[in-house]
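>>> Fold the following.
(4 chains)
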2 protein chains.
Amino acid sequence: MIELDTTDRLILRALAQNATQSASALGRKLNLSQPATWRRIKRLREIGVIAGQKLDLDKEKLGFGVTVFLGVKLATKGRVSLEDFERAVSAIPEVQTVEHILGLYDYRLRVVARDISDFERVLRRRIMTLPGVGDVEANVLLSEERRPGPIG
Amino acid sequence: MIELDTTDRLILRALAQNATQSASALGRKLNLSQPATWRRIKRLREIGVIAGQKLDLDKEKLGFGVTVFLGVKLATKGRVSLEDFERAVSAIPEVQTVEHILGLYDYRLRVVARDISDFERVLRRRIMTLPGVGDVEANVLLSEERRPGPIG
DNA sequence: TTTGAAAAGGTGCTCAA
DNA sequence: TTGAGCACCTTTTCAAA
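Okay, the predicted model is just below:
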């Protein structure tokens, strides 16, 4: 467990909103000198609290207007079949997220497609042919709100 | 719908892998001059294909080791109750994502907590008291893999 | 231990040709 | 596209709180 003081949390909160701002700009907001701010950010990276930085793309503008969540139940669940499934599903470009979960379904997949008929193609030719697939449930995404989540 | 050429797609793919690389470094990889690369990136930002850049934080190192997906079915689903629910759920800091979906459940929430007993607190005092909540299903996240998804 | 001031070095952005 | 100029950002040093 890692100890972060109030300033660290303020830095994380600010960077969570805008990851592109520089140490000097951030320091001005927090009344902290530029090197002090920079050192704290560097430390947060080193201890791994800041794991990375990701581009966030507008999938609709890229022509992928349909997002569907699939709940997948495996027919057989040995260690091997989990690994087989994960390896195979990782090769499908339309799958954005693979979540191994505990519950009625074994996996939840976030799948993007150009439209519904494109999704049907992915579902029939890619998903239903995955090794060990049993039940599949689909939920179409209508709208989504992402929030920073708690920090400390 | 926006038209992107091959070079744009290569830029997006490269930036999706490493969002911190500069226009000059990227240009070298693609055999493109630095200003040309920079102009393309700028354009991709302007037309909104690149929506932003997000920090990705290690929630476990921040002390939030438990992630749970909640399927929530509303008891009453008028326009007002959807808005009431969304407004109320947005005020819970532990909720990272609110997804309005079509299917057995009306919403999917991504909730983080320090541990299972902390999650129970959030569930009982925050989630179950939300306006209009009917059935709730919970799935604990075991592991997760995120992928860039298709580009063009 | 962590800060702030100052400065060096490097890099990226911008513009003109 | 190239190259030069300029600005800013990163990184280090050092003294002080």
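>>> Go ahead and list the helix or strand containing the most centrally placed residue in chain A.
Centroid check for chain A by CA atoms, centre = their mean gives A:Thr97 as the closest residue, at 6.4 Å. Take DSSP states H and E as the rule and A:Thr97 turns out to sit in strand A:95-102.
>>> And chain B, is that strand touching that?
Yes. Strand A:95-102 reaches chain B (CB under 8 Å from any CB of the partner chain) through A:Val95, A:Gln96, A:Thr97, A:Val98, A:Glu99, A:His100, A:Ile101, A:Leu102. (C-beta placed from N, C-alpha, C; glycine too.)
>>> confidence score at the residue in chain A sticking out farthest from the centre?
In chain A, the greatest distance from the average C-alpha position (CA atoms, centre = their mean) is reached by A:Ser33, at 33.2 Å. Reading off the confidence values, A:Ser33 has pLDDT 90.
>>> got it, and A:Asp56?
Note on A:Asp56: pLDDT of 89.
>>> Give me the secondary structure label for it.
strand (DSSP: H, G, I helix; E, B strand; the rest coil).
>>> Now do the contacts for it.
If you count contacts by CB atoms under 8 Å, 6 or more residues apart in numbering or on different chains, A:Asp56 has them with B:Ile50, B:Ala51, B:Gly52, B:Gln53, B:Lys54.
>>> Show me the beta-bridge partners of the third one.
In other words, B:Gly52. A:Asp56 (DSSP bridges).
>>> which residues touch it?
A:Asn18, A:Ala19, A:Asp56.
>>> Next, the first one: phi, psi?
Looking back up the chat, that one is A:Asn18. The phi and psi torsions at A:Asn18 (degrees, to the nearest 10) take the values phi -140, psi 100.
>>> can you check the second one too?
Here is the backbone geometry of A:Ala19 (degrees, to the nearest 10): phi -80, psi -10.
>>> Just to check, A:Val140 is in contact with A:Leu70?
No. Counting by CB atoms under 8 Å, A:Val140 stays clear of A:Leu70, with 10.5 Å between them.
>>> Looking at these two, which is more packed in?
More crowded of A:Val140 and A:Leu70, by other CB atoms under 10 Å in any protein chain shown: A:Leu70, with 21 against 14.
>>> Would you verify that the more buried one is located in a strand?
Yes. Per three-state DSSP, A:Leu70 lies within a strand segment.
>>> For it, give its distance to A:Val122.
10 Å (CB to CB, to the nearest Å).
>>> one step back: tell me which of the contacts of A:Asp56 is nearest to A:Arg108?
A:Arg108 lies nearest to B:Lys54 out of the contacts of A:Asp56, by CB to CB, at 20.9 Å.
>>> For that closest one, give its distance to B:Ile151.
For B:Lys54, the distance to B:Ile151 (CB to CB) stands at 17 Å.
>>> for A:Lys77, same thing?
As judged by CB to CB, A:Lys77 and B:Ile151 stand 33 Å apart.
>>> pretty sure A:Arg40 is in contact with A:Asp8, am I right?
Yes. In this structure, A:Arg40 is within contact of A:Asp8 by CB under 8 Å, at 6.1 Å.
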